[in-house]
Every structure is written in C-alpha cells, then in structure tokens.
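# pasting the structure only:
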C-alpha cells in the first residue's frame, strides 16, 4: 500500500510533517539503518537496482507476492535474500546489509516490512517457522489501542495497522482475535482513524489523528484492512457491489467505516481518476502531482469494497499513464499495478500494452521453471513412447503368428 512507500522521498515527507508536529508521536526512526551498497554491490537475489536502505524488504516482499499471484515461482535466491533479512526476534528491518550478525539495538525494526514479508513468505510457501516467528513478534509489539506503529514504540497509524491485519490473515490468524493487553483488536484501532461524514475528508481514514491531511494512502490501506485482506487483495466476487451505494453514512462499526472510506475514495477520484501528492518540501513547483501508487491502491480498495464501477476511470488512467512511473520506481511499483489489475479482473500481462509480470521478473533473478509442468510433459512423453513401443511389439508378434500359421 503506501505508494512505493519505502522510498526516501516518501519518508522525507513524513519526516517533515513529523517535525512540524513533534508532540504527535510520529514514527520513531527514519534514518538509513545501515550503510547502503552501490548498485554493483547489491546482492544477486534482490529485486531492483535502487538503494535498498529504506525499502529493501518492502519491495522484495511485494515483488514475490505479485509474482505469486501470477503463478511465477521466484528464484530460491530471491526468497533466501528475504528470509535472511529477518532478525533473531522475528522482526524485519527496512534493510540490513550485514546479515551475518544479528540486528543491533540501533537498527530500527519495521512493522510494515515485517507484515509485508509475512504475506510474501506465506504465499511462496515452505517458510512456516520464519512466518510464525514474525507473527509472534508483531503480537509482542501491538499497542494498547489494538494497532501498530511504523516502528515499535510509536503511536499507532492506519497504514501500519492495516498491513499487519493483512499479514495476520495471510498467516491463518483471525485479526479480530488478536487483542492487546487492553482487550483492543486491530479493527478497534482502525475505527479511531475513521473520519465522520461531512467536511473535506469526510469518510476518510487519516494516517494519525495528528496528521489529518494524509488521507488518500491511509484510506485505501484501511479499507482493505477493514475487510481482513492484504496487499494482494481481491474481491470475493468480482460482480459484488456495495449495497449502500456511494453515500457517506454515520458509522460505528468497521464495516460502516470501510464503506465510508470507499465513498471518500470514489469522490476523490471522480474528477481526474487519480489521487495526488503534495509537492516535496523546498520544491520550486507548488503543484500537486499525480500519485500512481496510491491510485493503484485505491483501485484495489474500491474493488474490495464493491465499488468497482468507481474504479474504472482510475484503472484506465493507470493503464494509459503509469508505464514511466513503474520503470522509474521499480519492483514495488510493478507489484502495485499487478495488484490493481488482478483486483479489477484485468490481465496484468496486457496492461496498457505492457507485460507487467515480465517487466517485474526482469528486475530480479530468473524465476524457477515450472518443474511440475515440465515433469508432467516428461511423464506423458514417456507414456506415449511406451504406448507406441507396445503397439509396435504387438504388430511384430501378430506378424510372427501369421507367418507361423
């Protein structure tokens, strides 16, 4: 969720806002956790060539998860790179260059990276112990209000809480039953970010109450999380519709809040088809820019909410205009577009004339061949050859019997 949320640019925006409202208990750590390698020194199993300091685990997880939705089996090296990032505690940092030593006390642990890794490793399979360890860590750092912060110890936020819900569900947990010592569930926390109807952000989910202006990203994340789904969410029924329509209504339940979040997104996307992001601090261009990542997340959220008709304009815009953004932004961007295409029942291999799956695959190690299919072909070839040989032997014996007669 969160556009290509682990990019340095996204974190810079958050850091600036956090500095402006320091008393709001913003996420605790945003500095690069470890020395960053040059592109030539990047490990061979990692997807993308950009600096992984802020988004290594995040982009790797999204890449593996997106490829899995297309039945592409990632290289063993790619999965090993991700599992190798896990700390002894079960947590994942955003990235750590030295995996031979355990994570030091100064290395910020990342609930979002951990939750994304859980979803990816559950999807690829064979990583039960790694997943279980990470789930236990997430439970250990749940806040009293039932939610999670970006880094443990900070105030809960809608994005982190939503992506953890997706991880819990992927791992076979019931998010509603994962409660804090105060008896609060993740859904209780999400409700605290839901805004009442009316006003500029009516129906939206804010990132944190102290950050009421950040709503596009957090609303899409929260709507998906409210349905107990993760990053690769798809609607239960592609033809299902939200029976409440697109009117915002007073809500006291997570279901009602999710509906209102969908109505907010519908309204925000109605004019142009895309969400926008504010200019970077210090930028000479004061204009807001189209936000491809958050728009892709919004498409997923609307589809899950049963407001697919409201997502059509946005999907068409992404098909027409997102190629340059994806190429520049890398693996997580391609993954988000694949998630949006799948949620809208559109072929990601024919997305605006681009094969998103092939382009994502090209950013990492070559995927494994489908051994099952290859072995199946081999088995049938052997059966066919045996059958042909049997027929030949039968004809030979038949000829001999005729000659003897």
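Cool, got the structure. Values in this document were obtained by computation on a predicted structure and should not be read as measured data.

# Can you tell me the centre-most residue of this structure?
Nearest to the mean C-alpha position of the chain, by CA atoms, centre = their mean, lies residue 231 at 3.4 Å.

# Could you say which helix or strand holds the residue lying closest to residue 254 once chain neighbours are set aside?
Of all residues not flanking residue 254 in the chain, residue 187 sits nearest, at 4.4 Å (CB to CB, 6 or more residues apart in numbering). Quick note: C-beta positions are derived from backbone N, CA and C, even for glycine. Following DSSP states H and E, the helix or strand that holds residue 187 is helix 186-191.

# just to revisit the earlier point, verify the contact between the residue nearest to the centre of the chain and residue 339 for me.
Yes - here residue 231 reaches residue 339: they are 6.3 Å apart, a contact under CB atoms under 8 Å.

# count of residues packed around the nearest residue to residue 365 once chain neighbours are set aside?
What sits nearest to residue 365 in space, not counting adjacent residues and going by CB to CB, 6+ apart, is residue 75, at 3.8 Å. Around residue 75 there are 17 other residues, counting by other CB atoms under 10 Å.

# so what's residue 75 up against?
By CB atoms under 8 Å, 6 or more residues apart in numbering, residue 75 lies in contact with 45, 364-368.

# Same question for residue 273.
295, 313-314, 316-317.

# please redo it, this time with the cut-off set to 6 Å
Counting by CB atoms under 6 Å, 6 or more residues apart in numbering, residue 273 touches 313-314, 317.

# what ranges do the strands span in this structure?
Applying DSSP state E to the chain gives strands spanning 275-277, 289-291.

# Would you convert the ones you listed into CSV that also reports mean neighbour count?
Below are the strands of the chain laid out as CSV (neighbours: other CB atoms under 10 Å):
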stretch, mean neighbour count
strand 275-277, 20
strand 289-291, 16
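
# Just tell me which of the ones you listed ends up closest to residue 239.
strand 275-277 (25.4 Å; CB to CB).

# quick one: strands adjacent to the closest one?
The pairing partners recorded for strand 275-277 under DSSP bridges are strand 289-291 (antiparallel).

# now the chain, which segments are flagged as low pLDDT?
Residues of the chain that meet the criterion pLDDT under 70 lie in 1-40, 370-405.

# 90 - rerun?
Applying pLDDT under 90 to the chain picks out residues 1-44, 101-102, 104-105, 199-200, 209-214, 216, 236-246, 277-288, 369-405.

# returning to what we had before: list the buried residues for the helix holding residue 187?
186-191 (16 or more other CB atoms under 10 Å).

# contacts for it?
So helix 186-191 is contacted by 145-147, 156, 161, 165, 175-176, 222, 226, 254, 257 (CB under 6 Å, 6+ apart).

# go on, stretch 302-317?
In contact with stretch 302-317 (CB under 6 Å, 6+ apart) are residues 223-224, 227, 233, 235, 240-242, 262, 265-266, 269, 273-274, 295, 299, 343-344.

# In ChimeraX, how would I select the buried members of these?
Entered in ChimeraX, the line below selects the buried ones among those, by 16+ other CB under 10 Å:
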select :223,224,227,233,235,242,262,265,266,269,273,274,295,299,343,344
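
# wait, residue 322 sits on residue 292?
Yes - using CB atoms under 6 Å, residue 322 is in contact with residue 292, at 5.1 Å.

# Show only the entries of the contacts of helix 186-191 found in helices.
Counted as lying in helices by DSSP state H, out of the contacts of helix 186-191, are 161, 165, 222, 226, 254, 257.

# Any of the contacts of residue 75 buried? List them.
For the contacts of residue 75, buried by 16+ other CB under 10 Å: 45, 364-365.

# and the residues you listed as CSV, adding distance to residue 248?
Formatted as CSV, the buried ones among the contacts of residue 75 follow (distance: CB to CB, whole Å):
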residue, distance to residue 248
45, 46
364, 42
365, 47
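
# sorry, back to before: and of the contacts of residue 273, the nearest to residue 66?
Sorting those by distance to residue 66 puts residue 314 at the head of the list, at 18.6 Å, by CB to CB.

# returning to that earlier point: what's the ChimeraX line that selects buried ones from the contacts of helix 186-191?
Selecting the buried subset of these in ChimeraX, with 16+ other CB under 10 Å as the burial test, is done by:
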select :145,146,147,156,161,165,175,222,226,254,257
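
# would JSON lines of the contacts of helix 186-191 with distance to residue 96 be doable?
Output for those, formatted as JSON lines (distance: CB to CB, whole Å):
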{"residue": "145", "distance to residue 96": "29"}
{"residue": "146", "distance to residue 96": "29"}
{"residue": "147", "distance to residue 96": "25"}
{"residue": "156", "distance to residue 96": "25"}
{"residue": "161", "distance to residue 96": "24"}
{"residue": "165", "distance to residue 96": "25"}
{"residue": "175", "distance to residue 96": "28"}
{"residue": "176", "distance to residue 96": "33"}
{"residue": "222", "distance to residue 96": "29"}
{"residue": "226", "distance to residue 96": "32"}
{"residue": "254", "distance to residue 96": "35"}
{"residue": "257", "distance to residue 96": "36"}
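
# separation between residue 198 and residue 254?
20 Å (CB to CB, to the nearest Å).

# ditto for residue 202
Applying CB to CB to residue 202 and residue 254 gives a distance of 17 Å.

# Check residue 119 too.
Where residue 254 is concerned, residue 119 sits at a distance of 20 Å (CB to CB).

# How about residue 80?
37 Å.

# got it, and residue 117?
Counting by CB to CB - residue 117 and residue 254 are separated by 25 Å.

# and residue 250, how far is that from residue 204?
Separation of residue 250 from residue 204 (CB to CB): 15 Å.

# More neighbours: which of these two?
residue 204 (29 against 9).

# pretty sure the more buried one contacts residue 194?
No - look at residue 204 against residue 194 with CB under 6 Å: they stay out of range, at 7.9 Å.

# What residues of stretch 320-334 count as buried?
By 16+ other CB under 10 Å, the buried positions in stretch 320-334 come out as 322-323, 325-326, 329-334.

# So which residues of the stretch 201-350 of the chain form helices?
216-226, 254-270, 292-305, 308-321, 323-329, 331-343 (DSSP state H, counting those that start in this stretch).

# Residue 139: which of the ones you listed is closest?
Closest of the helices of the stretch 201-350 of the chain to residue 139 is helix 216-226, at 16.4 Å (criterion: CB to CB).
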